[in-house]
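> coords please:
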Amino acid sequence: MLLIDKAGRDWLGGNTYFTAGAFRVAHRGLDHLRPLLEPLPSGAEGAVELPDYDVDAFYRDLCRVTHRRVDPALGRLVAEESLEALTWLHGHGVRFELMFHRQAYEVDGRYRFWGGLAVGAVGGGKELVRAEHEAATRIGVELATGTPLRDLLLDAHGSVQGVRAGPPGGLRDLTAPAVVLACGGFEANPQMRAAHLGPGFDLALVRGTPYNTGDGILAALRAGAQAWGHWSGCHSVPWDAGGPPHGDRELTNRLTKNGYPFGILVDLDGRRFVDEGADLRNYTYARYGAEILRRPGGVAVEIFDAKVSDLLRPEEYHVPGATRAEAGSLSELAAELGIDATGLTETVRSFNAAVTEGHFDPTVKDGKATRGITPPKSNWALPLDTPPYVGYKVTCGVTFTYGGVRVDTDARVLDTSGLPIPGLFAAGELVGGVFSHNYPGGSGLTLGSVLGRRAGRSAAAHSASRAPA
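Numbering: from 1, shown residues only. This next block holds a predicted model:
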């Protein structure tokens, strides 16, 4: 088995490397997950509140956030095989833990997990890629880095016979009875972003690898694959405005700024433009980056006061070089971050006056809302009235694109007539039809694992059927 990678060895792992390593998985509570997990931290045993999250709940969340524009067969498959896929990965050396640092808050001495997401790879994406690379090496997978895919090789009947790959001047034809495409979306291609996602997206920052430029999707389309899914949509998050054009291999996902439910998000005119408390963060963060890009200058500012500073995740907000300012007054904060001071002070005055009574609880949609302002804040509304105030300037960070090629539940790539292209399989972010408009946190790695496993089995079966008797 040969794995070719467009990137050099210093960039192995694609976008997986840049993730927090979170996996959305269907389960029946802590005891159901224990065989996968590292031992709980000292003091946590007996203090964990982890609600059941069954297959139906997983699938409902997927349908809800995508406006029900999810391929039902693929969506159910991802939910149903999520635990099986993690168990398989665990058997190959991937270590998992409960994500206390990202998905739980301590309330009354108990750790409450929320938002249908609790499990992550130990060490995040970096460690996940290392473990998977080691597992592949153990079973004899050969790796050819610096070998970009140029095209698929087809026979006279349209069956895939291998790939043409390599750098300029070094192209070669690699024949094989089956090919699995797992090379991401087109998020690192500014021209494709502008053409499909819309004006301004060519200027967005890319959270991950610079090598996901749509090569696999385009090669599959040339071979007759059916374009599928939400081609004008993408996973896009609030991202540090001072971040590099592509992912930082050291900081990885730490440039994300997902604490906005506990403050307000304003543009440079000082005006709010989204409901920061519309839902738990796991169900809104992947679409708010696009909203930020539509604001003047393509940037916005998250603003918090001292009451909520302890709720901001250190791995996201205590980052070297963060585009951050702190001040004793809102007008001083506005001056430091380039916000219109009059607009900001009026926005905060109106917001504070609109906050209703109620009990603040970061682990549930607490209903502590605003009344009489637009946009509303539906949960976690606290007045901004306790200095020092702190602001973080953010922009749009594109993670991956939602459009791609169509596959069936055996991960076979389908042509424009809905028939499998013999010898061609696909998995991961270049598969269309699962995510549209939005995304439930942690489901990308799960999708890649479930379909990757399916694609491998299908490719092996196809290869065996082609072997001489």
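
> In three-state terms, label the closest residue to residue 94 other than its chain neighbours for me.
Closest residue to residue 94 apart from its sequence neighbours, by C-beta to C-beta, 6 or more residues apart in numbering: residue 131 at 4.7 Å. Where you see a C-beta, it was placed from the backbone N, CA and C, and this is true even at glycine. Here residue 131 is recorded as helix under DSSP: H, G, I helix; E, B strand; the rest coil.

> tell me, how many neighbours does residue 131 end up with?
As a burial measure, residue 131 scores 19 neighbours (other C-beta atoms under 10 Å).

> Mind jotting down where the helices sit in the stretch 301-450 of the chain?
Remark: helices assigned in the stretch 301-450 of the chain by DSSP state H, counting those that start in this stretch are 314-317, 330-337, 341-354, 443-466.

> Poorly predicted segments of this structure, please.
Applying pLDDT under 70 to the chain picks out residues 469.

> Which residue ranges make up the domains of it?
1-233+402-469, 235-397 (automatic domain parsing).

> picking that back up, wait, the residue nearest to residue 94 sits on residue 91?
No. Using C-beta atoms under 8 Å, residue 131 makes no contact with residue 91, being 11.5 Å away.

> what secondary structure does residue 244 sit in?
Classified using three-state DSSP, residue 244 is coil.

> Please name the nearest non-neighbouring residue to residue 411.
Residue 411 sits nearest to residue 455 (C-beta to C-beta, 6+ apart), 3.6 Å away.

> Show me what the helix or strand containing residue 180 pairs with in its sheet, parallel or antiparallel.
For residue 180, the host element (DSSP states H and E) is strand 179-181. Within its sheet, and counting by DSSP bridges, strand 179-181 is paired with strand 420-426 (parallel).

> Start and end of stretch 215-233, how far apart?
Terminal residues of stretch 215-233 are spaced 18 Å apart (C-alpha to C-alpha, to the nearest Å).

> Check which residues of it are buried.
215-220, 223-226, 228-231, 233 (16 or more other C-beta atoms under 10 Å).

> hang on, the earlier thing: so the residue nearest to residue 411 sits against residue 180, correct?
Yes. Contact criterion C-beta under 8 Å: residue 455 and residue 180 qualify, at 4.7 Å.

> Tell me which of those two has more neighbours.
residue 455 (27 against 24).

> For that one, which residues are in contact?
180, 182, 411, 425-427 (C-beta atoms under 8 Å, 6 or more residues apart in numbering).

> what's the answer for residue 182, then?
Residue 182 makes contacts with 216, 426-428, 430, 448, 452, 455, as judged by C-beta under 8 Å, 6+ apart.

> Name the residues of stretch 376-386 that are buried.
For stretch 376-386, the neighbour count (16+ other C-beta under 10 Å) marks 376-382, 384 as buried.

> Hmm, residue 211 is touching residue 11, no?
Yes. In this structure, residue 211 is within contact of residue 11 by C-beta under 8 Å, at 6.4 Å.

> Would you mind measuring from the nearest residue to residue 333 once chain neighbours are set aside to residue 105?
Distances taken as C-beta to C-beta, 6+ apart place residue 327 nearest to residue 333, at 4.1 Å, with adjacent residues excluded. Look at residue 327 and residue 105: by C-beta to C-beta, to the nearest Å, they are 27 Å apart.

> got the contact list for the closest residue to residue 376 other than its chain neighbours?
With C-beta to C-beta, 6+ apart as the criterion, residue 376 has its nearest non-adjacent residue at 5.2 Å, and that residue is residue 370. Contacts for residue 370 were tallied using C-beta under 8 Å, 6+ apart; they are 351, 354-356, 376-377, 381.

> export those residues to a markdown table and tack on distance to residue 95?
Converted to a markdown table, those look like this (distance: C-beta to C-beta, whole Å):
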| residue | distance to residue 95 |
| --- | --- |
| 351 | 43 |
| 354 | 46 |
| 355 | 43 |
| 356 | 44 |
| 376 | 42 |
| 377 | 38 |
| 381 | 39 |
